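**Student:** this is a predicted model, with the sequence first.
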Amino acid sequence: MESGTLIQEAVKIMVVGMATVFTFLCFMIVFLKTQGWFLTRFFPQKKPIAAKQNAKISDATLQKIAIAAIDEYKKKRG
């Protein structure tokens, strides 16, 4: 066999392989975009309930929460 024929065959196989991968990736992108559209259209996310803007936690309450958290941590650590 000639080396020119082998090189041509190698290039042919390379082009076919790269075209196959490129085509697969294009189909995958189209599929994922379609899936995203479908899910957002028919299964929209629920909007979170907005927290009250004026709700403030006092310093005393924060201290109690911190002390309770430390106590729980110490209980678990032993």
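**Tutor:** Happy to help now that I have it.
**Student:** please name every helix or strand in contact with the helix ranked longest in the chain.
**Tutor:** If you go by DSSP state H, the chain has its longest helix at helix 3-42. Judged by 3 or more CB pairs under 8 Å, 6 or more residues apart in numbering; DSSP states H and E, helix 3-42 is in contact with no other helix or strand. All C-beta spots, glycine's among them, are computed from the backbone N, C-alpha and C.
**Student:** how much space between residue 24 and residue 18?
**Tutor:** Per CB to CB, to the nearest Å, residue 24 is found 11 Å from residue 18.
**Student:** now the longest helix of the chain: average pLDDT?
**Tutor:** For helix 3-42, mean pLDDT rounds to 95.
**Student:** numbering from 647 from now on, please.
**Tutor:** Taking 647 as the first residue, the last one we looked at is helix 649-688.
**Student:** what separates that helix from the chain centre, distance-wise?
**Tutor:** 22 Å (CA atoms, centre = their mean, to the nearest Å).
**Student:** now that helix: buried residues?
**Tutor:** By 16 or more other CB atoms under 10 Å, helix 649-688 has no buried positions at all.
**Student:** return the set of buried residues in the very next helix or strand once past it.
**Tutor:** Counting by DSSP states H and E, the next helix or strand C-terminal to helix 649-688 is helix 705-723. Judged by neighbour count (16+ other CB under 10 Å), helix 705-723 contains no buried residues.
**Student:** CA-only coordinates of helix 705-723 in PDB, if you can.
**Tutor:** Written as PDB, here are the backbone C-alpha positions of helix 705-723 (Å, rounded to 0.1, in the frame of the first residue of the first chain):
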ATOM      1  CA  ASP A 705     -29.800  41.800  69.700                       C
ATOM      2  CA  ALA A 706     -31.200  39.900  72.600                       C
ATOM      3  CA  THR A 707     -32.900  37.400  70.300                       C
ATOM      4  CA  LEU A 708     -29.700  37.000  68.300                       C
ATOM      5  CA  GLN A 709     -27.700  36.300  71.500                       C
ATOM      6  CA  LYS A 710     -30.200  33.600  72.500                       C
ATOM      7  CA  ILE A 711     -30.000  32.000  69.100                       C
ATOM      8  CA  ALA A 712     -26.200  32.000  69.200                       C
ATOM      9  CA  ILE A 713     -26.100  30.500  72.800                       C
ATOM     10  CA  ALA A 714     -28.600  27.800  71.800                       C
ATOM     11  CA  ALA A 715     -26.500  26.900  68.700                       C
ATOM     12  CA  ILE A 716     -23.300  26.700  70.700                       C
ATOM     13  CA  ASP A 717     -25.000  24.500  73.300                       C
ATOM     14  CA  GLU A 718     -26.300  22.200  70.600                       C
ATOM     15  CA  TYR A 719     -22.800  22.000  69.100                       C
ATOM     16  CA  LYS A 720     -21.200  21.200  72.400                       C
ATOM     17  CA  LYS A 721     -23.800  18.500  73.000                       C
ATOM     18  CA  LYS A 722     -23.100  16.800  69.700                       C
ATOM     19  CA  ARG A 723     -19.300  17.100  70.100                       C
END
